[in-house]
Structures are given as structure tokens and as C-alpha cells.
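> Let me see the structure of the following:
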Amino acid sequence: MRKPASVSTRNTSPEVAGSGINTAVIPLGAVEAKGPHLPVGADMLLADVFGVAYAGAAGSVYLLPALPYGCSESLRAFRGTVYLDAETMWHVLADLVASLRQGGFARFTVLNLCSTNWVVKPTVRELNLRLGLGRVVWAEPKQFAYDLYHSTREGLDDNHAGAVDTALMMHLRPDCVGDLPPDHVPQVGREFVDYVGLAPVAPTGVWGTPSQATPALGEELFSHMLASTRAYVEAAYATWDAEDAP
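Below you'll find the predicted structure:
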């Protein structure tokens, strides 16, 4: 049986209500430095495009606009970065879920497209286990892309504004990609970003190998992100459905 078409904030309130849809999708992006070749809004643009693609593929969801700001404090040394602190993000996400629940939604799919939004995971845990605001699934679509990239390229540490970020933008918004900077892989662990921020260990904002990026790689990564995210989210909700079965 074909799922009903998705709705979004472009629809009227009666149209949203009449759709019978009870699952809301909340994409999360960020405005943060992405090296000298990508816009600071790269993750925001990705979250917006990915949200639309996910809603179209999954069907029967209410798609919200991508939240543009994330917890990008570790990139504050780079001009143009805008961020929320972790507590603010916690409250923003909780308020979004609470207001949607008040409007009759029961399931909430949070698509986090920026790794600096680390607080999303514990927030979702609290929403499910302590506050009981519904059934909230958290997915990291870009992590699926990183996993695929690293699985076939042993020894390449790509973390920020490298091959993955650059390839995705080459595929989705080639007009937003500038001249590629030199590859740069710091000789320290990623935990050092939590200690000192990104700038001291990656002065250009690049942690990875943008030289490896191509539009074809971006298309492959985006398709993998979409398929993997759909499978993960469906499996998560199916687990709850099995618990509800008599």
C-alpha cells in the first residue's frame, strides 16, 4: 500500500491535519566554518536538501524547515560561525517536539547533519525515557557517508571540510564550492578539538583530504546517506511497533 504524500510548512494547517500524518521530521544543520572553499552554511544547505529528499522517499511525514544553527562552539575562532550552547539546543529541540506533540504528532525523526550537534543524542534519550514526549528517533545521516568513505580508503582521516563535505557540496551545490585548499590531517586525536577548538589543530578549518572529492563521490555518498537513514529510522520505529503488539 502506497504511503500518503508528505506535507511540509508549505501546506496549510487544514491540509496538514487532513493528511492523517503523525510523524514529524526535524532536520538539523549548522552555520560554521568549512574551510576556505565551502560556505559557512554548508551543513544548513545539506540539512535542507536532505530533509526534502528524505521526506520524498519515506512518505507520510510532516517536514519542518531545517534548523540552521547548531552547537558549533569549537569553531568559534573562525569568523562567520554562529552557534547555540548545548543547553539552548536541548531546550529548542524539546520545545519543537512538545509543540508538535500538542498538535497531534506522536513520532519525531531528528535528522542531524552536523557532528558538532553532539547534544542531540542525550536530548533524544531524555525526551524518550524521562519526559515521555513521544517516540523520538535520532539519526546521523552524514555519519553513514563517513563510514562508507573510510571503509574503502584505509588510512585517510576525513573529519571536517575534507573529501566528504566537499564531495557532497560538489554534487548538491557546485556553485558554492571554491578552489580546493591543501589537504590537512592533524597529528592529534579528534578529542583535541574539545580541548582547544579546531583552529589550533587545523588552522584553515580543513581536517581531511578535499583533494579526493568529486561530484560522483558526492552523489554516491548522498544516495548511501538516504538509503541508510531510511533503513535505520524504519527499523527503530518497527522496534517500538513490536513492543506495542499484543
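> chain center to the lengthiest helix in the chain: distance?
Identified as the longest helix of the chain according to DSSP state H is helix 215-244. Centroid separation for helix 215-244 versus its chain: 13 Å, with CA atoms, centre = their mean, to the nearest Å.
> So for it, mean pLDDT?
Across helix 215-244, pLDDT averages out at 93.
> Then stretch 115-127?
pLDDT averaged over stretch 115-127 gives 92.
> May I see the buried residues of it?
For stretch 115-127, a neighbour-count test (16 or more other CB atoms under 10 Å) marks 115-120, 123-124, 127 as buried. Glycine gets a C-beta too; all of them are placed from N, C-alpha and C.
> now do stretch 27-37
Judged by neighbour count (16+ other CB under 10 Å), stretch 27-37 contains these buried residues: 27-37.
> My reading is that residue 200 lies in a strand. Confirm?
No. Assignment of residue 200 by DSSP: H, G, I helix; E, B strand; the rest coil gives coil, placing it outside any strand.
> what sits against it?
Contact partners of residue 200, counting by CB atoms under 8 Å, 6 or more residues apart in numbering, are residue 192.
> Check the gap between it and residue 75 for me.
12 Å (CB to CB, to the nearest Å).
> cool, residue 150 as well?
From residue 150 over to residue 75 (counting by CB to CB), the distance is 22 Å.
> So the two - more neighbours on which side?
residue 75 (25 against 15; other CB atoms under 10 Å).
> That one touches residue 40, doesn't it?
No. Between residue 75 and residue 40 there is no contact under CB atoms under 8 Å: 9.1 Å.
> Overlap in contacts, the two.
Shared contacts of residue 75 and residue 40, counting by CB under 8 Å, 6+ apart, come down to 32-33, 81.
> From the residues you listed, pick the one nearest residue 104.
residue 32 (34.4 Å; CB to CB).
> got the contact list for that closest one?
For residue 32, counting by CB under 8 Å, 6+ apart, the contacting residues are 40, 43, 70, 72, 75, 78, 81-83, 114, 116.
> And for the host helix or strand of residue 14, what's in contact with it?
Applying DSSP states H and E as the criterion places residue 14 in helix 13-18. Under the contact criterion CB under 8 Å, 6+ apart, helix 13-18 has outside partners 7, 62, 104.
> Next SSE downstream of that helix?
strand 23-28.
> Is residue 21 in contact with residue 7, as I believe?
Yes. At 6.1 Å, residue 21 and residue 7 qualify as touching, with contact defined as CB under 8 Å.
> what ranges do the helices span in the protein?
13-18, 42-58, 86-102, 120-126, 141-151, 163-172, 192-196, 215-244.
> residue contacts, the closest residue to residue 183 other than its chain neighbours?
Spatial nearest neighbour of residue 183, excluding adjacent residues (CB to CB, 6 or more residues apart in numbering): residue 209 at 4.3 Å. Neighbouring residues of residue 209 by CB under 8 Å, 6+ apart: 156, 158, 162-163, 183, 185.
> For those residues, give me CSV that also has distance to residue 213, pLDDT and neighbour count.
As requested, those are exported to CSV (distance: CB to CB, whole Å; pLDDT from 0 to 100; neighbours: other CB atoms under 10 Å):
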residue, distance to residue 213, pLDDT, neighbour count
156, 12, 76, 15
158, 9, 93, 25
162, 8, 97, 27
163, 5, 97, 25
183, 10, 96, 16
185, 15, 94, 16
